[in-house]
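Student: sequence and computational prediction follow.
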Amino acid sequence: MNWGDPTVFGFLLLLGALAGFTSGLLGVGGGTIVVPSLLFGLPLMGISGPEMPKVAMATSLALVIPTTFASAQAHAARRGIDWYLWSLLAPSIITGAIFTALFAAGINNELLILLFILLVLMTAWKLIIPTSHKSQISTKPSVMLMTLKAVSGGALSSLLGLGVGWFTVPMMAKFTAMSRAIGTATALALPMAIAGTATYLMVQAPAECTQCTGFVALPIVAVIGLSAVLTAPFGAWAAHVMPVALLKRIFAVFLIIVAGDLAYKTLLPIDMMGLIRQTLALNKTLNRSKTTNPQAAQAPNWLLERHPVSSELSQANHAR
């Protein structure tokens, strides 16, 4: 990471400010903003390679700790946390977070990104078309059903570096006011993030990230966390005094744009039909090159970097 570049600091501080505000406002932990931003920003900071998506998601999860701590305090000061629902869900969410972090190193990177995009779109859908509910319902929640949802949701949140608001807010809004559901979701993200981050810190750091402890880039956490802590209370204040319904719809549009941009830039390169067409065309090119210039029978660098299969094909043809 180039600490002498003011652009890097400005980018991280702005990212933290936006993540902190949305964490307090919507209880989403800021991961929906931090993860895609880091996926495109980490290579500019000298962190790249096959494990880069996991570094982005683990670093985002670590950032949930300072953002949710600050916003949870602000919600608690306004009595915006339902401690019964918190105590019901917290143990299951922590269990799911630890389980996922232990096995994250063996999970396919493209699958991680695809899951993240699907969850972002699902979150956007729930923000645009929220489920109708009463502000307070006396019916008690099903402990077994909520436990299953909390374990699976905590596992996915830890895996993708998100807060827990994307699944806990719609679930808790059936039993408490929306503002309290958001505040409780913010408080629930704190133990989940601590458990998941502690596990990520104990695994072996990828070779391409010299600034990482485990999968977490701690210097980046420090810079983003600084501005996130300052703006999170403003998001919590806005959740209680501003028209949240309108802000949710605006944020939902932003999530859809983020998901579309992320899918275009990360999932299109693994399109199988395109890979097959390029491989066939490459094979013909290599066969023609062998007859005129054997030394030219090498795939172009851009294709070797984007599709490792082409590299193997080029080497095989060159060895004939």
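Tutor: Yep, that arrived.
Student: which residue is the nearest non-sequential neighbour of Leu25?
Tutor: Gly235 (3.8 Å; C-beta to C-beta, 6 or more residues apart in numbering). From N, CA and C alone the C-beta is placed, and that goes for glycine too.
Student: enumerate the positions of the helix or strand where the one you found lies that are buried.
Tutor: Taking DSSP states H and E as the definition, Gly235 sits inside helix 218-241. Neighbour-count burial for helix 218-241 flags 219-221, 223-225, 227-229, 231-240 (criterion: 16 or more other C-beta atoms under 10 Å).
Student: over to stretch 211-220?
Tutor: Applying 16+ other C-beta under 10 Å to stretch 211-220 flags 212-217, 219-220 as buried.
Student: wasn't Ser60 part of a helix?
Tutor: Yes - counting by DSSP: H, G, I helix; E, B strand; the rest coil, Ser60 is located in a helix.
Student: what about stretch 39-56, start to end distance?
Tutor: Its start and end residues considered, stretch 39-56 measures 6 Å (C-alpha to C-alpha, to the nearest Å).
Student: report the distance from it to the chain centre.
Tutor: 13 Å (C-alpha atoms, centre = their mean, to the nearest Å).
Student: going forward, the N-terminal residue is numbered 38.
Tutor: With 38 as the first residue, the last one maps to stretch 76-93.
Student: quick one: buried residues of it?
Tutor: Across stretch 76-93, burial judged by 16+ other C-beta under 10 Å covers 76, 78-79, 82, 84, 88-93.
Student: just put these in TSV and tack on secondary structure, distance to Phe212 and pLDDT.
Tutor: Output for the buried residues of stretch 76-93, formatted as TSV (DSSP: H, G, I helix; E, B strand; the rest coil; distance: C-beta to C-beta, whole Å; pLDDT from 0 to 100):
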residue	secondary structure	distance to Phe212	pLDDT
Leu76	helix	35	85
Gly78	helix	39	85
Leu79	helix	39	87
Met82	helix	43	83
Ile84	coil	42	84
Glu88	coil	40	84
Met89	helix	40	87
Pro90	helix	35	84
Lys91	helix	35	84
Val92	helix	37	90
Ala93	helix	34	89
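Student: just give me the closest of those to Gly67.
Tutor: In terms of C-beta to C-beta, no member of those lies closer to Gly67 than Ala93, at 12.9 Å.
Student: ok, for that closest one, nearest residue in space, not its chain neighbours?
Tutor: Leu75 (3.8 Å).
Student: quick check, that neighbour in contact with Leu98.
Tutor: No - contact criterion C-beta atoms under 8 Å: Leu75 and Leu98 do not qualify, at 11.3 Å.
Student: quick one: which of these two has more around it?
Tutor: More crowded of Leu75 and Leu98, by other C-beta atoms under 10 Å: Leu98, with 35 against 27.
Student: burial count for Leu125?
Tutor: Leu125 has 19 nearby residues by other C-beta under 10 Å.
Student: how about it: what's its closest non-neighbour residue?
Tutor: For Leu125, the spatially nearest residue (C-beta to C-beta, 6+ apart) is Met183, at 6.3 Å.
Student: which elements pack onto whichever strand or helix holds that neighbour?
Tutor: Here Met183 sits within helix 180-197, counting by DSSP H and E. Helices and strands touching helix 180-197, by 3 or more C-beta pairs under 8 Å, 6 or more residues apart in numbering; DSSP states H and E, are helix 68-78, helix 89-114, helix 120-140, helix 146-165, helix 202-209, helix 215-239.
Student: now do the third one against helix 89-114, angle only.
Tutor: Relative orientation of helix 120-140 versus helix 89-114 (axes from the mean of the first three to the mean of the last three C-alpha atoms, to 10 degrees): 170 degrees.
Student: which other helices and strands contact helix 120-140?
Tutor: helix 180-197, helix 202-209, helix 215-239.
Student: pretty sure Glu88 is touching Phe252, no?
Tutor: Yes - in this structure, Glu88 is within contact of Phe252 by C-beta under 8 Å, at 7.4 Å.
Student: tell me the contacts of Tyr248?
Tutor: Residue 248: Gln, not Tyr. By C-beta atoms under 8 Å, 6 or more residues apart in numbering, the residues touching Gln248 are 38, 84, 254-257.
Student: could you check how far it is from Ser85?
Tutor: For Gln248, the distance to Ser85 equals 13 Å [C-beta to C-beta, to the nearest Å].
Student: what about Arg116, how many neighbours?
Tutor: 11.
Student: go on, Trp162?
Tutor: 13.
Student: can you pull the pLDDT of it?
Tutor: As predicted, Trp162 sits at a pLDDT of 81.
Student: Thr268 now?
Tutor: Reported pLDDT for Thr268: 91.
Student: name the nearest residue to it, sequence neighbours excluded.
Tutor: In space, and not counting its chain neighbours, Thr268 is closest to Gly57: 3.8 Å by C-beta to C-beta, 6+ apart.
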